[in-house]
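K.L.:
Here is the input, now give the coordinates:
(4 chains)
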Number of protein chains: 4
Amino acid sequence: MITIVAGTNRRNSRARRISDLYAAQLREFGADSRILDLADLPADFTATALYDNAGLHPEFNQLVSLASDADKLVFVVPEYNCSYPGVLKAFIDGLPYPGGIRNKKAALVGLSSGTQGGLLALSHLTDVLMYLGTAVLPLRVRLPTIEASLTTTGQLNNPLFEQLIREQAEQFLQF
Amino acid sequence: MITIVAGTNRRNSRARRISDLYAAQLREFGADSRILDLADLPADFTATALYDNAGLHPEFNQLVSLASDADKLVFVVPEYNCSYPGVLKAFIDGLPYPGGIRNKKAALVGLSSGTQGGLLALSHLTDVLMYLGTAVLPLRVRLPTIEASLTTTGQLNNPLFEQLIREQAEQFLQF
Amino acid sequence: MITIVAGTNRRNSRARRISDLYAAQLREFGADSRILDLADLPADFTATALYDNAGLHPEFNQLVSLASDADKLVFVVPEYNCSYPGVLKAFIDGLPYPGGIRNKKAALVGLSSGTQGGLLALSHLTDVLMYLGTAVLPLRVRLPTIEASLTTTGQLNNPLFEQLIREQAEQFLQF
Amino acid sequence: MITIVAGTNRRNSRARRISDLYAAQLREFGADSRILDLADLPADFTATALYDNAGLHPEFNQLVSLASDADKLVFVVPEYNCSYPGVLKAFIDGLPYPGGIRNKKAALVGLSSGTQGGLLALSHLTDVLMYLGTAVLPLRVRLPTIEASLTTTGQLNNPLFEQLIREQAEQFLQF
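P.N.:
Predicted structure coming up:
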């Protein structure tokens, strides 16, 4: 089972729209997937679900199980301040130990308003995932200046970006 | 003015205790400082103070001003999952643009239960801070296996760690 | 076929000695391997085998084939100035394109005189290898303060380090 | 005194041409500078000037003094395999300890054929320089798809790139 993580808690985020497109691509290849949208995180999760509260928040736990039940995870990561969103990392900081997203396989997609396409965000996230024992697909996709290519209703008007996602999805299914 | 950021929202964190010791060290050198403890973040700040809500949350804004009013910032950063705490990055993601912690000077201290002392956490954070135009003091202090050296009441029983903090504080005042 | 890269051109390096121990460990698991010791690089390779001279230096090509003929590569990387040795990167910069070490599988071992164990070196190298399409085993081994554990004749007096190498080698054979 | 390091040993490199333009920009601001072109490295320096041979190679030492005599260093860094050139790091690995490029100030410029502009190269190099006690100007300049903007005779046909260099040079003089 594959879970696609829309890596921000912003509502109707571009990361969510790319996640939906990614799911459609996987479906085209005959693979099921689910979406874990961090917009569904409880509003107070950083105060009630981390550290000494780990495992005690039922809603948070439900989101965790979407990740921990999967063999493979796609992370769709918007670039915030030259790295991954703090909320994505806070979610990871609340995962149970052991368990959580340890020893899985991951594919990374970066989005940005600017020209970096999340390059440093994906590098930083790779360090975190490898620490957790999760293997990262070498082909990391970057989608820079995403506003120019993605409509508010989720159409991707960029053949290169479509191709990059297709190639990564194909490789990831065999990873 | 110097602000010391205790970089986690965990209550009575080791990061907070090191921050207090850092403030005492600065005082010994004749320098005033204030502490911004991320434990004071509103419980729901990730839902109410970021993105479209930036600037709208009075309590969050008050914490922001502790950082934005300072010329120099010390970041005391516990290592969570081989990087900085997600909550620290989420706080940065909620800072106003322009403004916030742009164009300041920063000194970084890493803590860890393990043997890394936050090395990758500080490397990742340096990327973020430099992106924000903030100069980072080259001397980055690492305090590994911190439990062995720091009591629950905030005594640091480690002459080497004390020396590292003293040297960094001294350099930082002239940076 | 597995090739172990001793990642410095220093003669009789600790990296070479760890490479020999790694080969012995692989043999114990029934796997053959070869060693590519960068000490065998031609003295003038940076002037005669890179860029416009890529592929033209027979001795250099012979070393390249040790890497490019392998399916899996172990990199034993001493930490120099907080990153990998420049000579290791210069060797990679001389690899043929396409080909070289693209689309392989890699395991990373870091050594250091200091306490970092090559952590940043391995993070930087992971970025390079992933760019080349090479998958990196999440379990990255770090061997800090190596002088205390490794004799000049190549005995490793450190049961933890032995265990780390054994665990990584075992995982790598199944990667 | 400012030294500009053309960060590759390729002859008549784009890094050298950008270094010349940078020197002209500094001159316009009334500042002298010298160029340390790694193309001038002895062909066999990795075998004769590093490690146990550190300090013994007169030609290498002369290049070193161009760096060690300066207060400020500009690094013009082409992106090779998603990081800095191995030759640049090998040069750093041969610098005397203590001394070399410790405790200086540095500004970083990245060039690339691709779209990254050396982003990871500059991040990796920042880790190395900070380890050496050298402060890095937060404004790191990236010049992607450089072939489209720089002629073989060293004309830069890109007003944005010119502006980025000018802004960085101006900030660096006050750093």
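K.L.:
Could you find the closest non-adjacent residue to residue A:17?
P.N.:
Excluding its sequence neighbours, the residue lying closest to residue A:17 (CB to CB, 6 or more residues apart in numbering or on different chains) is residue A:154, at 4.0 Å. Quick note: C-beta positions are derived from backbone N, CA and C, even for glycine.
K.L.:
Identify the residues contacting that neighbour.
P.N.:
When contacts are counted by CB atoms under 8 Å, 6 or more residues apart in numbering or on different chains, residue A:154 is found next to A:17, A:20-21.
K.L.:
Which of those residues fall within helices?
P.N.:
Using DSSP state H, the subset of these located in helices is A:17, A:20-21.
K.L.:
Quick one: name the residues of chain A near chain C.
P.N.:
A:123, A:126-127, A:129-140, A:175 (CB under 8 Å from any CB of the partner chain).
K.L.:
Now with 10 Å, please.
P.N.:
A:102-106, A:108, A:119-120, A:122-124, A:126-127, A:129-140, A:171, A:175 (CB under 10 Å from any CB of the partner chain).
K.L.:
Just the buried subset of those, please.
P.N.:
When the residues of chain A next to chain C are checked for burial by 16 or more other CB atoms under 10 Å in any protein chain shown, the buried set is A:102, A:104-106, A:108, A:119-120, A:122-124, A:126-127, A:129-140, A:175.
K.L.:
residue contacts, the residue nearest to the spatial centre of chain A?
P.N.:
The centre of chain A sits closest to residue A:75, judged by CA atoms, centre = their mean, with a distance of 2.1 Å. Residue A:75 makes contact with A:3-7, A:15, A:19, A:36, A:84, A:88, A:92, A:101, A:106-110, A:121-122, A:125-126, A:129, A:134, A:136, A:140, according to CB atoms under 10 Å, 6 or more residues apart in numbering or on different chains.
K.L.:
and what of residue A:104?
P.N.:
Counting by CB under 10 Å, 6+ apart, residue A:104 has contacts A:3, A:67-68, A:70-73, A:129, A:132-136, C:138.
K.L.:
ok, of those residues, which one's closest to residue A:26?
P.N.:
Comparing the contacts of residue A:104 against residue A:26 with CB to CB places residue A:72 closest, at 9.9 Å.
K.L.:
follow-up on the earlier one: among the contacts of residue A:75, which lie within helices?
P.N.:
Using DSSP H, the contacts of residue A:75 in helices are A:15, A:19, A:88, A:92, A:121-122, A:125-126, A:129.
K.L.:
Among those residues, name the ones that also lie close to chain D.
P.N.:
residue A:122.
K.L.:
can you redo the ones in helices among the contacts of residue A:75 as a markdown table with pLDDT?
P.N.:
Below are the ones in helices among the contacts of residue A:75 laid out as a markdown table (pLDDT from 0 to 100):
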| residue | pLDDT |
| --- | --- |
| A:15 | 98 |
| A:19 | 98 |
| A:88 | 98 |
| A:92 | 97 |
| A:121 | 98 |
| A:122 | 98 |
| A:125 | 98 |
| A:126 | 98 |
| A:129 | 98 |
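K.L.:
ok, which pair from the ones in helices among the contacts of residue A:75 is furthest apart?
P.N.:
Across the ones in helices among the contacts of residue A:75 (CB to CB), the longest gap, 19.1 Å, separates A:19 and A:126.
K.L.:
the strands in chain A, which residues?
P.N.:
Along chain A, the segments classed as strands by DSSP state E run A:2-6, A:33-37, A:72-78, A:105-111, A:135-136, A:141-143.
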